[in-house]
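>>> structure for this input, please:
(one chain, ligands or ions: 2)
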Amino acid sequence: MDGQMFCFQCQETAMGKGCILKGVCGKDARTANMMDLLICTLKGISVCAMQLSQENVSYDRTRLVRLITESFFSTITNANFDYESIKKRVNEAKKIRDELKMLLKTHNLPCKECIEVNWDVAENEYDTLAGQVGVLKEEDEDVRSLKELTVYGLKGLSAYAEHAARLGYTDSTVDDFVVKALSDITVENLNSDELVSLVLQTGRNGVSVMALLDKANTETYGNPEITEVNLGVGTNPGILISGHDLKDMEMLLKQTEGTGVDVYTHSEMLPANYYPKFKKYKHFIGNYGNAWWKQREEFSKFNGPILFTTNCIVPPAAGANYKERVFTTNATGFPGFKTIQADENGKKDFSEIIALAKTCQPPEEIESGTIIGGFAHHQVMQLADKIIEAVKSGAIRKFVVMGGCDGRQSGRSYYTDFAKALPQDTVILTAGCAKYRYNKLPLGNINGIPRVLDAGQCNDSYSLAVIALELQKAFGLDDINKLPIVFNIAWYEQKAVIVLLALLSLGVKNIHLGPTLPAFLSPNVVDVLVKNFGIAPNGEVEEDIEKLIMV
Ligand code: SF4
Ligand code: SF3
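Ligands and ions are numbered 1, 2, ... in the order given. As a prediction, the model looks like this:
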């Protein structure tokens, strides 16, 4: 129906059920439907690609995988609001689909008609096609739930694969899995057990891709180190860089060096402060602001240009004073924001942003002081003796993994209250923008170990898993669940979905998930997760402290 959409992929979905007229995030129905058409086209491509692979017919696999992962990335919540750029991706995907179909024909291979889309239409008819291919096309609620859980996991996985690929790191097993999983959910008649197994395989590949990105980031920029990050501002004009892409961070730091323009991180870019290679830049001042959802207020005070390398973009309010200062790159986009494209070697020219910065006032100070971070696995394992001793002596009773995403719903104050209410002999392990709910609280330390250990971005949840596995070894335990570690995870978008699936695939049980359970999980799928993995929604702070810490 005209003007209607259906999207339930994120935690803030309307009424906890689904956005149907416009996204709570600000995505309009036309763009949401065009994203559905893009995903439908990616499925078609994967089906063709699987047929060709099975018959050993070669095609440009790298181009295909990058198209799938980049396109998936553009459909993640708050990454891209630009209808035209999504339509452009549909055209690119359709081109590859047509090429693959031609190859099938040349080799006399049957073409599985996977999705009933009649592509024999002009581009201005795409909206009509787009309205026919959404999530609700799958009528069985449980099958839909498991398929979408896989797709959202693949979106998160694709985001991480993209960051790694930009640093020259790829994993063909993960790439193959993405294509096979997409093809399987499209044409194979999988029963619920097979779909559950596919969900877990997605999680296993999530572990692989996070390991790959960890390798890419640390081999390129060094191992994150304990770092005091400045929250105040300098006297030069600045550029604020947001999102997760460290390659963009590197290019921006290099290009701004000696220009009189400073660089600040925002939201998920904060962990860039922990990497040795970035610390050498004197004009890298520190972090400005908080999690993504506070950007309207913070950007207006920053005064200088802002560069989004990934989500999360909040549509600016009408009359916002910073609209002309925002730039996007990679999979991100917003109508009216300028986009910086990479050349064929992946290089970007940020001179337009730097020139604009020079005409701007320095940032207005909104905070002062410092915060501490940089507790990724390599750094934490250097403190292993101290940590093991603190656990053995009872100085540390429990570690509480509180990674994931932040969001704007008022109920998220739960996480601040929970952090404050934790007994003094507990340590929070965090990663992702969820940290902003408690990383500036004066929670103190235990024998010199800070009570909030920030490993980094959401993808650095991998670090938390490595730490848990290393501790398991150190304590000689046969099961990760016997460690004094509990999980109270906050989710918002699809990267948190792959983090969750990765933890499940590593055998982690009894994860508390909030602030609400995903709308895309049907009651039966929730039952499966509760029975097999002990997943629980979070409740009231006191009750959850009792359940997680006091037992
Ligand atoms: Fe709604 Fe979230 Fe989808 Fe945006 S991403 S349309 S808020 S469910
Ligand atoms: Fe945050 Fe958007 Fe998920 Fe990387 S930046 S964790 S929400």
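
>>> close to ligand 2: what parts of this protein are there?
Proximity of the chain to ligand 2, by CB under 6 Å from any ligand atom, involves residues 78, 244, 267-268, 292, 311-312, 405, 432-433, 457-458, 492-493, 495-496. Using the backbone N, CA and C atoms, a C-beta is placed for each residue, glycine as well.

>>> count residues in the vicinity of residue 437, would you?
By other CB atoms under 10 Å, the residues close to residue 437 number 23.

>>> isn't it up against residue 420?
No - in this structure, residue 437 is not within contact of residue 420 by CB atoms under 8 Å, at 10.2 Å.

>>> ok, back up a step: neighbour-wise, which one of the residues of the chain next to ligand 2 leads?
residue 495 (33 neighbours).

>>> and that residue, what does it touch?
By CB atoms under 8 Å, 6 or more residues apart in numbering, the residues touching residue 495 are 76, 155, 156, 159, 160, 405, 432, 458, 459.

>>> before we move on, what SS does the first one have?
To tie it back to what came earlier, the one meant is residue 76. Secondary structure assignment for residue 76 (DSSP: H, G, I helix; E, B strand; the rest coil): coil.

>>> contacting residues for it?
Residues near residue 76 by CB under 8 Å, 6+ apart: 155, 156, 159, 310, 311, 331, 493, 494, 495.

>>> inside strands: which ones of those residues?
Per DSSP state E, strands hold no members of the contacts of residue 76.

>>> can you list which of the residues of the chain next to ligand 2 are found in helices?
Counting by DSSP state H, these place 495, 496 in helices.

>>> contacts with ligand 1 among the residues of the chain next to ligand 2, please.
Counting by CB under 6 Å from any ligand atom, no member of the residues of the chain next to ligand 2 is near ligand 1.

>>> quick one, what contacts residue 146?
192, 195, 196, 198, 199, 525.

>>> pretty sure residue 400 sits in a strand.
Yes - assigned with three-state DSSP, residue 400 falls within a strand.

>>> bridging residues for it?
In this entry, residue 400 is beta-bridged to residue 428, residue 486, by DSSP bridges.

>>> how many residues are close by it?
23.

>>> was I right about it contacting residue 549?
Yes - in this structure, residue 400 is within contact of residue 549 by CB under 8 Å, at 7.4 Å.

>>> what sits in contact with each of these two?
With contacts taken as CB under 8 Å, 6+ apart, residue 400 and residue 549 have 422, 426, 486 as neighbours in common.

>>> quick one: the second one and residue 395 touch, right?
Read that as residue 426. No - under the criterion of CB under 8 Å, residue 426 makes no contact with residue 395, lying 10.7 Å away.

>>> and the two? which has more neighbours close in?
Using other CB under 10 Å as the criterion, residue 426 and residue 395 rank with residue 426 on top: 20 against 16.

>>> next one: the more buried one from ligand 2, what distance?
23 Å (CB to the nearest ligand atom, to the nearest Å).

>>> so what's the closest residue in space to that residue that isn't next to it in sequence up against?
Once flanking residues are discounted, residue 426 sits nearest to residue 398: 4.9 Å by CB to CB, 6 or more residues apart in numbering. Residue 398 sits next to 425, 426, 427, 484, 485, 486, 548, 549 when contact means CB under 8 Å, 6+ apart.

>>> dihedrals phi and psi, the closest residue to ligand 1 within the stretch 251-400 of the chain?
The nearest approach of the stretch 251-400 of the chain to ligand 1 comes at residue 311, 9.8 Å away (CB to the nearest ligand atom). For residue 311, the backbone dihedrals (degrees, to the nearest 10) come out as phi -60, psi 160.

>>> tell me the contacts of it?
Contacts of residue 311 (CB under 8 Å, 6+ apart): 76, 77, 78, 79, 243, 292, 332, 493.

>>> number of nearby residues for the closest residue to residue 359 other than its chain neighbours?
Counting by CB to CB, 6+ apart, the nearest residue to residue 359 once its immediate chain neighbours are dropped is residue 237, at 7.8 Å. Residues within reach of residue 237, counting by other CB under 10 Å, total 22.

>>> measure residue 237 to residue 366 for me?
16 Å (CB to CB, to the nearest Å).

>>> quick revisit: looking at the residues of the chain next to ligand 2, which one is closest to residue 68?
Here the nearest of these to residue 68, counting by CB to CB, is residue 495; it sits at 16.5 Å.

>>> for residue 210, see how far away the closest one is.
The gap separating residue 495 from residue 210 is 10 Å, by CB to CB.

>>> so for these two, which residues contact both of them?
Common contacts of residue 495 and residue 210, defined by CB under 8 Å, 6+ apart, comprise 160, 459.

>>> all helices of the stretch 1-150 of the chain, in order?
For the stretch 1-150 of the chain, the helices defined by DSSP state H, counting those that start in this stretch occupy 29-54, 61-74, 83-106, 126-130, 141-166.

>>> pLDDT (mean, whole number) over the very next helix or strand once past the last one?
Same thing as helix 141-166. Once the chain leaves helix 141-166, the next helix or strand it forms, by DSSP states H and E, is helix 172-187. For helix 172-187, mean pLDDT is 96.

>>> burial of the residue of the chain found nearest ligand 1, as a residue count?
The minimum distance from the chain to ligand 1, using CB to the nearest ligand atom, falls at residue 23 (2.6 Å). The tally of other residues near residue 23 (other CB under 10 Å) stands at 24.

>>> any idea how far it lies from residue 126?
According to CB to CB, residue 23 and residue 126 sit 19 Å apart.

>>> cool, and residue 433?
From residue 433 across to residue 126, the span is 34 Å (CB to CB).

>>> ok, which stretches of the stretch 301-450 of the chain are helices?
Using DSSP H, counting those that start in this stretch, helices in the stretch 301-450 of the chain cover 351-358, 377-382, 384-392, 413-421.
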